[in-house]
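Chemist: Next come a sequence and a model predicted from it.
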Amino acid sequence: MESFPVLLTILLAPVVAAVIMAFIPREEHMLIKCVAAAGTFVSMALSLYVYFAYDQSLGGLQFVQQVPWIKDLGVTFFLGVDGISLPMLLLTNLIGFSAVFASWNVNHRPRDFFILLCLLITGVMGTFVAQDLFIFLLFYEVVVIPIYILVIIWGSTKRVTKEYAGMKLTIYLLIGSAFLLVGVIALFMKTVAATGAPDMSFAGLARAARGLSDFDQIWLFALMLFGFGSLLSMWPFHSWSPDGYAGAPTAVSMIHAGVLKKIGGYGLIRIALYVLPVGAKFWAPVIAVLGVCGVAYAAMAALAQKDLKYIVGYSSVSHMGYVLLAVASLNVIGLNGAVANMFAHGIMAALFFSTIGFIYEKTHTRWIPDLGGLARQTPRLAVAFMLAAMASLGLPGLVSFVPEFTIFVASFKVYGGLAVVAIAGIIITALYALRAGANTLFGPPRPEYDSLKDIRGPELVPLAVLGTVLVVGGLLPFLIFDMVNSGIVPLMAEISGALKLGGSF
Amino acid sequence: MNVDLSLLAPEIALAVLGLGILVLGLLIPKGSRHGLGWVTALGLLGVLGLTIAGWDNQGTLYEGIFIVDRYAIFFKITFLTAAFLVTLGCMRYVDEMGDQSEYYSMMLFATLGMMVLASAGDFMTLYLGLELMTIAFIVLVCYRRTETRSVEAGIKYVLLAGMSSAVLLYGLSLVYGVTGSVTIYEVGRAVTTEPVPALILGVAMLVAGLGFKISAVPFHMWTPDVYEGAPTPVTSFLAVGSKAASFAILLRVFIAALPGLWAHWTMLVAILAAVTIIVGNLVAIPQTNIKRLLAYSSIAQAGYILVGLVTASEAGIKGVMFYAFLYVFATIGAFTVVTYFYNVTGSDEIKDYAGLSQRSPLMAAVMVISMLSMAGIPPLAGFVGKFYLFKTIVDNYLWLAFIGLIMSMVSVYYYLRVALVMYRDEPVDHTPISLSGPVALTLIITMMATLVLGIYPGPLSEVVNTAAHSFFLP
């Protein structure tokens, strides 16, 4: 399989679909949707193949492709996957494929919609397969433009206007990335000064960065932490997240909450921690505190919401707090938990948002007091909703239980008191998730919703795909954990000297 | 004296082309001059080919007053590309204005001025090139002579350009008085690190005079008015060509002629760059006219390019050249959309762009891509350009890197407002805008260039490297 560029194919399939769609007459809605589905299906199938063909015993980067790109910047077009990026790549494609079907009922300018959606999916995928910082950055912001346009045209204006939501999402992402960019350029120049030869690949930067002074590592890490942290909705830079999701169309909420946010966590581990371990060690307590603040604050905020999208929006901020706490523990167990939790939360959040999208489409409201008893009228929708809600509160047997448990184990060892607060957050999560489920789905059925049609046909795809992963990932957690572990262990082995934590795990 | 005329071939060809167009205009009757645009465009393409063919043919003429190094050749390629694209995109607009032959020949003479400027090896040639360019632009700016705004813009441009030329000339004469030479590289040898007061005054005047041409704050006041009033293709050529040429000579004068003094001026240039970036971007936010918006954004762009001058190193020069080249495509792409939109609707107001994405998807896409390239969003060319510019200053001027990158994210705010109008709003008039062949070609070329240079900048970067390297080999 060495000759076949499988990662490039995964990356380009949605782009090809987008190009084909551009030539289809705009009235042929069904054809457009089928092409979009086909493009994302190819990516999903191939990434499933890569996931299971990846040789875990060998570890390291596999399916590598390298082309020299910009000589004087030391940039290579370098694609490859390891145990950390593969779950993220798979997640992107599972959600991308589901998002197409969650948007099956978009009949307002569908051609533009699906073209932008496919470009968005490609941008997100690219960040996970790039092994060169420059190429990573190229993909990192590709997503900005499609998201903005998707929100302002197909978004919804309920509590905030869609223009406000779109601009807020964009500006937050960009200001964060401005700091990240300064950090990247400074890091690049410092490594060039240290080694004399420019090299932008993650591994090359990590090697060169060992020569940097502690002070340099610390301030460079701070810039990256701000950049990636604001994308991960790290408290107190999280406020774009609930507003943005509320204004965005279903597919964008799914992709944004499901995977785009995870680029922040992925970047924090794969780039910031890997390249600048001394900086990471310095900032770890701060990350832990911010993470726990996020868990507690966002869970409380979710409790006070009556709009379904706001509940899930705040809940995702709260869950990302766990990821930050896990990263801050700086040990193998914690980082395993962080990556696995990102995967689990991605699946769960995407299912949640797609369900809310269908509820909104059918009832034209997301306001909980106006809903109730939907389990009687739309049982399949209720199943999806409850699956997502149960996964959110970490029910054993579903995908998010083991990662959360792992995080608590890892962080309790390092930050005893903070971990206790974070564990308490689980109780609040249970409270708001169950209450949202009870008030929306159960209780006396409302007569005005008697004529609602349950989800059927293509609308069932998100439930089928994401629901299956939720259950399978919960019952067979090793499918995810072995993979993540095969990526985290070598990464930690490389930086453990700098962390001076050797032997503590 | 042995003069190698092959070094001058592109300039000679361009001058002949300019005069030829003028004569052709006299010979053929008024009604059938629509083809002149094509003649000009293809002629420019030929001159461009000639210039590229002379890449390896370097040397100096007339004892160093005319320098043909790769640095100059690269800038000439930039000007000619810009002139070609502008001509290709503006034919219909010019046909509606009338007097095609004078228009095209003025445009060619302006380009010739820029080319002379890029090759100038002494202050006289410099001034000659600058005035040739400026006078041609004065005519072009007030070309819609029946419109008050165009004439007003022309008068403003005449007065301020005259003023700035006077200041520049005075500065040059002071430098000459102190060093006793007008040849750039000889001045460079004569200037010592100890600044003489007269020399400092001279250099300050040079900064002011050239600052006007690149519209750096605080010499930018004329830009929005002139850009708004001038015919749109002229605005676009003014924004790209005049600015790039002024940067070419700015680098030559300051780095080659005044290297000893430069150390004292870097902080000033850094501050100038920062203020230009901030003012340009912030004032662009409330604009409602697309040409004024682009004018302020072009002021901000000048600020970014100034960043490359701060270190005055080979890397900095490379950054300037790279950015100047890709700026051609982004700016001309945006202005061609504005030009054609004005042809169809007669409006330059942003609110009238409502629903453009449905009336003409290509125009809307080019507009968004061009603007986001100016904002430096990857994977568009502007990102790579900013990367090259800012990497030279992170070591010593980290604050400037912060200002530059944060302000470029602020600029996304006003660029996206245009995108908002084009994509979200429903058009008032649903009739699709059909693009004429040359305009569509221009739009596609600029869009592809912006995308390709952003994703795969490797080859261009190599070319610019050798060009910037030649600068330090007098």
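Modeler: Cool, the structure landed.

Chemist: neighbouring contacts of stretch A:463-478?
Modeler: Residues outside stretch A:463-478 that contact it (CB atoms under 8 Å, 6 or more residues apart in numbering or on different chains) are A:94-95, A:97-98, A:340, A:343-344, A:347-348, A:350-351, A:354-355, A:380, A:383-384, A:387-388, A:391, A:396-402, A:455, A:479-480. Quick note: C-beta positions are derived from backbone N, CA and C, even for glycine.

Chemist: repeat for stretch B:424-439
Modeler: With CB under 8 Å, 6+ apart, stretch B:424-439 has contacts from A:152-153, A:163, B:37, B:41, B:88-89, B:91-92, B:336, B:340-341, B:344-345, B:354-356, B:358-360, B:362-363, B:443.

Chemist: Also stretch B:446-458?
Modeler: Under CB under 8 Å, 6+ apart, the answer for stretch B:446-458 is A:68-71, A:75, A:138, B:85, B:322, B:326, B:329-330, B:332-333, B:336, B:365-366, B:369-370, B:373, B:378-384, B:460.

Chemist: Inside helices: which ones of the contacts of stretch A:463-478?
Modeler: Counting by DSSP state H, the contacts of stretch A:463-478 place A:94-95, A:97-98, A:340, A:343-344, A:347-348, A:350-351, A:354-355, A:380, A:383-384, A:387-388, A:391, A:401-402, A:479-480 in helices.

Chemist: Strands of the stretch 201-350 of chain A, start to end?
Modeler: For the stretch 201-350 of chain A, strands defined by DSSP state E, counting those that start in this stretch do not occur.

Chemist: Around chain B, which positions in it sit nearby?
Modeler: By the rule CB under 8 Å from any CB of the partner chain, no part of the stretch 201-350 of chain A lies against chain B.

Chemist: Helix, strand or coil: sort out A:Gln65 for me.
Modeler: strand (DSSP: H, G, I helix; E, B strand; the rest coil).

Chemist: Now it. Nearest residue, chain neighbours left out?
Modeler: Leaving aside its sequence neighbours, A:Gln65 sits nearest to A:Leu79 (CB to CB, 6 or more residues apart in numbering or on different chains; 4.6 Å).

Chemist: hang on, that neighbour in a strand?
Modeler: Yes - counting by three-state DSSP, A:Leu79 is found in a strand.

Chemist: quick one, what contacts it?
Modeler: A:Leu7, A:Leu8, A:Leu11, A:Phe63, A:Val64, A:Gln65, A:Gln66, A:Val129, A:Ala130, A:Gln131.

Chemist: For chain B, state which of those residues is nearest.
Modeler: Minimum distance to chain B across the contacts of A:Leu79 is 11.4 Å, recorded for A:Ala130 (CB to the nearest CB).

Chemist: Next, the buried residues of the helix or strand hosting A:Gly357.
Modeler: Following DSSP states H and E, one finds A:Gly357 within helix A:332-363. Residues of helix A:332-363 classed as buried: A:332-360, A:362-363 (neighbour count, 16 or more other CB atoms under 10 Å in any protein chain shown).

Chemist: Do you know the pLDDT at the residue in the stretch 201-350 of chain B that chain A sits nearest to?
Modeler: As assessed by CB to the nearest CB, chain A sits closest to B:Lys318 within the stretch 201-350 of chain B, at 8.5 Å. We have a pLDDT of 90 for B:Lys318.

Chemist: Check whether it sits in a helix, strand or coil.
Modeler: At B:Lys318 the chain is in helix, as set by three-state DSSP.

Chemist: who's in contact with the spatially closest residue to it that is not a sequence neighbour?
Modeler: Counting by CB to CB, 6+ apart, B:Ala468 is the residue found nearest to B:Lys318 once chain neighbours are left out, at 4.0 Å. Applying CB under 8 Å, 6+ apart, we find B:Ala468 in contact with B:Tyr71, B:Glu314, B:Ala315, B:Ile317, B:Lys318, B:Met321.
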